[in-house]
Every structure is written in structure tokens, then in C-alpha cells.
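Engineer: Have a look at this prediction, sequence included:
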Amino acid sequence: MRWALIGPGAVGGLYGGLLAVAGEEVHALYRRDAAPVRAGGVHLRSPLHDGPVPVVVHDTVATIPPVDAVLVATKTTANAELAPVLGPLVGGDTIVVVLQNGLGVEAEVAAATGGRGRFVGGLCFVCANRTGPGRTVHLDYGDLTLAAHTGVGSPSGCAEAVETVASAFAATGIGVHVADDLVAARWRKLVWNVPFNGLSVVLDAATDALVADPSVRSLVVELMDEVAAGAAAVGRPLPAGFGERTL
């Protein structure tokens, strides 16, 4: 398959890079970083691959050829600016894989395509860093959960797209899981993201330090329970004690 990678940061650099190493044709939009990346190459340090990555580097979407799939790994704050990027890339049958955190992100990205494309939500459980232009370090984890976003396109077409994407990522060596309910899967991930993303910044501490402090751990569990209550309120109840069992 031929892929376009939009957002080659830590997440995009890892998953897009692994696809390229596995033999997929990956075209990455680096914009202002294109010149240094072309000069120094794309590199990935990971338990699955340590070395150069055969990604085609672009500074503008205009030079990316027609693709079968688009991997969107930008920050959600950039979703409102995606239309000029995705418009030329996405047709009715194009698969769009959204590797972002949060609720409703697939609908936001779909709005940037005018509703064209078959959308797959992707949830990354990973520890990775972007250390420089074209440089990604994969530290731990990496499993990917995929599910169809049936708010756009036909449910059957989206289900087929999930299978195609799952097969491509399985060939990279990472763990791939397919979920039946994208919204429920995103709520489950928020149970972890909401407490740790915020508290790690406010308290300037890593996850292990937060969990090791009894008072902070109690706050983490309280926040997890609030997220679980939100999930239940929209018809996606989580098992009792789900959050605490993830610690």
C-alpha cells in the first residue's frame, strides 16, 4: 500500500516508520523540517528496528502522489487546519487512520475531507519521543487498537478498512487489537490519559512517581472514576474498578 503520513512526530514517526520498514510505501509531510530531514535521513530507534527508515520526504502535499491510506498523527489542536492537507489526498475509498487522543477526533478529521474516505480510529499505547527532525526513539510498549468510525462512510466499508490497516500494522511486529466499539475504546484510554497527562505536567513528575506517592495515587484514582462516570453517562459503562486495575 501507499501511505501519506501527516504529522511525523513521535507517534507518526514510530508507526509510519515501522510501516515503511515493513515494506509499505510511506510519503511523509515534513513541511519546514523537510530540508534537514532530507540531509540527515529518517531514523528510528526501537526494539523493532534501529536504523534508517525508507520514508519519502515531502515539504508540500502537492508532491505526494495518490495514496491508498493516510495516517493522521497530528496534535488535535491542528485538526481545524487539515482541510488543505487532506483535501488533495483523500477520495471516497481512501482509508484515513486517525492516531490521536480524545473523543470525536475522527469526526473532526472527516470534516476536513468533506466526508470523503473510510475512517479508522487508532489508539496508541506507547512511550516514544521525537528527538529531532526525522528522529524518533521508541522506549516501550507500542500496541495499537483499531476500530471503525462508522459515522462516515458505510459500516461495511469501514470494517473492511480496519482489517486492511490491522494487517499492515501486524506485519510491523507491533501488537494489534481490533475493537468493536471505537467510542468505548476511546473512553477506556481516557481513563489513563486524563489523570496522567494533566498531573504529570502540574506536578512535574513521571507516571511511576505519581503512582508511588499515596496521596497522588488517590487523586489519580479519583480522576479515573470521574472519567468512568462520564463514559457511563453516554452509554459506555466500564467495569467496576477498571481504572485502578490499570495501575
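Structural biologist: Received, thanks. All figures in this text were calculated on a predicted structure; none of them were measured in a lab.

Engineer: so where's the protein uncertain?
Structural biologist: Scanning the chain for pLDDT under 70 picks out 151-157.

Engineer: Pop out the phi and psi values for the nearest residue to Ala73 once chain neighbours are set aside.
Structural biologist: When the adjacent residues along the chain are set aside, Ala73 lies closest to Gly12, with 3.2 Å between them (C-beta to C-beta, 6 or more residues apart in numbering). For every residue, glycine as well, the C-beta is placed using N, CA and C. The phi and psi values for Gly12, taken as degrees, to the nearest 10, are phi -60, psi -40.

Engineer: mind giving me the domain ranges of this protein?
Structural biologist: Annotated domains of the chain cover 2-180, 185-245 [automatic domain parsing].

Engineer: and those, which is most packed in?
Structural biologist: Most buried of the domains of the chain, by mean neighbour count (mean count of other C-beta atoms under 10 Å): domain 2-180, with a mean of 19.

Engineer: sorry, back to before: the residue nearest to Ala73 reaches Leu99, doesn't it?
Structural biologist: Yes. Here Gly12 lies in contact with Leu99, judged by C-beta atoms under 8 Å, at a distance of 7.0 Å.

Engineer: got any residues that touch both of the two?
Structural biologist: In the contact map built from C-beta atoms under 8 Å, 6 or more residues apart in numbering, the residues linked to both Gly12 and Leu99 are 71, 73.

Engineer: For the most centrally placed residue in the chain, list each beta-bridge partner.
Structural biologist: Centroid-nearest residue in the chain: Leu99, 1.9 Å away (criterion: C-alpha atoms, centre = their mean). Beta-bridge pairing for Leu99 (DSSP bridges): Gly122.

Engineer: How about the contacts made by the residue nearest to Ala73?
Structural biologist: Gly12 makes contact with 5-6, 28, 71, 73-74, 99 under the criterion C-beta under 8 Å, 6+ apart.

Engineer: got a markdown table for these, with distance to Thr172 too?
Structural biologist: Shown next, in a markdown table, are the contacts of Gly12 (distance: C-beta to C-beta, whole Å):
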| residue | distance to Thr172 |
| --- | --- |
| Leu5 | 14 |
| Ile6 | 19 |
| Ala28 | 16 |
| Leu71 | 12 |
| Ala73 | 15 |
| Thr74 | 21 |
| Leu99 | 14 |
